[in-house]
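In: kindly generate the corresponding structure for this input.
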Amino acid sequence: PPVFDRRALCGLPSVPAGLPVRGGHSRKSGAKTRGTCPLTQTKRKGGARMAITLAKLYATAEKTYHMKLLAGRAGLNKYVRWVHMIEDLQVSTFLHGDELVFTTGIGQSGTAWLVSFVRQIYESHGAGLVVNLGPYIDAVPPQVIVFCEQHGLPLFQVPWAVHLIDITYDFCHCIVENEENEMSLANALRDLIFSTRDLSQLRPTLDRHGFTDADSYCVVSFSMTSGGAPVDDHQGPALRFLAHRLFGRLGCRFSLFNQEEALLAVVDGVAPDVLQSVVEDFIRACAKQDPPVQAFAGIGTQENGFASIPGSFRKANAAARLARLQRKPCLHYRELGVYKLLLAVDDPAVLRDVSEETLGPLKAFDAENGTDYVPLLRAYIAHDASVQALSQLSGVHRNTINYKIKRIRKILQHDLTQEEKLKIMLAFYIDDLLQ
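Out: Just a heads-up that it's a prediction; the model follows:
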């Protein structure tokens, strides 16, 4: 699908360098110009808030555009993904979710249609509705106000004298600038984890966003697929915004960004059980997407300082891989048991050597003869070397299993003593990590 540049949609890059950008800065000097989004210009204590809530947009527009809240105050904490003008009654075909909808009612008769209109916005997970009062809508019907109040759907009105092109432009500008702030922070964290850049080069950006070296951080790694394949370019941004909305409930600073096929979250100082609850909520929400998305998550350790973030990522990434292999929705690094010993080995070649020395001959035999001795051996050891238990589980006769175990002993040239079984299980754990 085509990729749209939101700055281009707002007209932001079309201004030549050195000339002022409406709602922004001078491209050359950085001086403020009329219409600059106050949300991105006011440096808040503790750093700028990532993404933008409806409450922040309303705080700007209440005075500037005489925007009035009629109902749904409980939903003002929603994040706004974009703004959209809709005059058609079929709302659901225009929304992806989390958009703030504007309407003038042009082409409609009366105001009764607004009842169905707000219901569709709510069912399509819209962020809210702004009604432009004037010749087409003289007043918002009471039943619309009641519905929005009951369902926490923010409902606003603006007078006809307000030019919607101005208010939507300014809202888009605020959203774009906040996205650029998020990207700046995400790039700094990505460099901290994956590049060799000196921390002193990254610290100013991290500090500017309220991330300090004195805080504690935890990384979460999500692995997501849809229909057995990685999520596509359409689902990816929507899932990231969904995660943003859920992580926003934590009330702390965080950053979400993609790295290859993983979605990563770097979270600043939150209790592990609270973090895990939000992670599990996101996994359940993914399963309800259309089409459904299967998500697995790994949660790293929470440690102090910027220097701890790369280590927390490695642990989270390993936990996510194991969660996927074991078909568990979420695994915390502290739950990995013996895998933590293997993760402490810095050189993967050492682990590969151990696996090859232990299981290499059996893997080669399976590859040459089409046998299933490797998975059989793992199941045999996992069931405490009980032929009867394995027979009941697999439906294979005990004599067949005994024959195969005898063949395995011969190929490996040992009698599967307790020590040998421990080495074999360790080799299987290594294979899990190296997959």
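
In: helices of the stretch 301-435 of the chain, residue ranges please.
Out: If DSSP state H, counting those that start in this stretch is used as the criterion, the helices of the stretch 301-435 of the chain fall at 309-326, 339-343, 348-369, 373-382, 387-394, 398-412, 418-434.

In: mind listing what's buried along the shortest one?
Out: Read it as helix 339-343. Tyr339, Leu342, Leu343 (16 or more other Cβ atoms under 10 Å). (Glycine included, C-beta is placed from N, CA and C.)

In: now swap in stretch 275-287 and tell me
Out: Neighbour counts using 16+ other Cβ under 10 Å place Leu275, Gln276, Val278, Val279, Phe282, Ile283, Ala285, Cys286 of stretch 275-287 among the buried residues.

In: give the next helix or strand downstream of the strand or helix carrying the second one.
Out: This points to Gln276. Taking DSSP states H and E as the criterion, Gln276 maps to helix 272-287. Downstream of helix 272-287, the next assigned helix or strand under DSSP H and E is strand 294-299.

In: re the thing from before, switch the helices of the stretch 301-435 of the chain over to TSV; also include distance to Gly128.
Out: Shown next, in TSV, are those (distance: least, Cβ to Cβ, whole Å):
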stretch	distance to Gly128
helix 309-326	35
helix 339-343	46
helix 348-369	50
helix 373-382	53
helix 387-394	54
helix 398-412	63
helix 418-434	47
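
In: quick check: which of the ones you listed is buried the most?
Out: helix 309-326 (a mean of 21; mean count of other Cβ atoms under 10 Å).

In: packing partners for that one?
Out: When contacts are defined as 3 or more Cβ pairs under 8 Å, 6 or more residues apart in numbering; DSSP states H and E, helix 309-326 sits against helix 164-194, strand 216-226, strand 262-268, strand 294-299, strand 330-332, helix 339-343, helix 418-434.

In: surely Leu412 and Gly360 touch.
Out: No - using Cβ atoms under 8 Å, Leu412 makes no contact with Gly360, being 9.7 Å away.

In: what sits against His66?
Out: Val158, Pro159, Val162 (Cβ atoms under 8 Å, 6 or more residues apart in numbering).

In: now do 10 Å
Out: Residues in contact with His66, defined by Cβ atoms under 10 Å, 6 or more residues apart in numbering, are Gln157, Val158, Pro159, Ala161, Val162.

In: same check on Leu426?
Out: By Cβ under 10 Å, 6+ apart, the residues touching Leu426 are Val338, Leu341, Leu342, Leu351, Val354, Ser355, Thr358.

In: Tyr65 now?
Out: 58, 130, 156, 158-159, 161-164, 166-167, 170-171.

In: switch the cut-off to 6 Å
Out: For Tyr65, the contacting residues are Val158, Val162, Ile167, by Cβ atoms under 6 Å, 6 or more residues apart in numbering.

In: the residue nearest to Ile137 when sequence neighbours are not counted: how many residues sit nearby?
Out: Nearest non-adjacent residue to Ile137, counting by Cβ to Cβ, 6 or more residues apart in numbering: Gly105, 4.0 Å away. When neighbours are counted by other Cβ atoms under 10 Å, Gly105 registers 20.

In: give me the pLDDT value at Leu343.
Out: Here, the pLDDT recorded for Leu343 equals 79.

In: and the gap between it and Ala307?
Out: Separation of Leu343 from Ala307 (Cβ to Cβ, to the nearest Å): 18 Å.

In: now do the same contact list for Cys330.
Out: Residues counted as contacts of Cys330 (Cβ under 6 Å, 6+ apart) are Val279, Glu280, Ala297.

In: that older thread, the helix holding Gln276 packs against which elements?
Out: The contact analysis (3 or more Cβ pairs under 6 Å, 6 or more residues apart in numbering; DSSP states H and E) places helix 272-287 against helix 235-247, strand 294-299.
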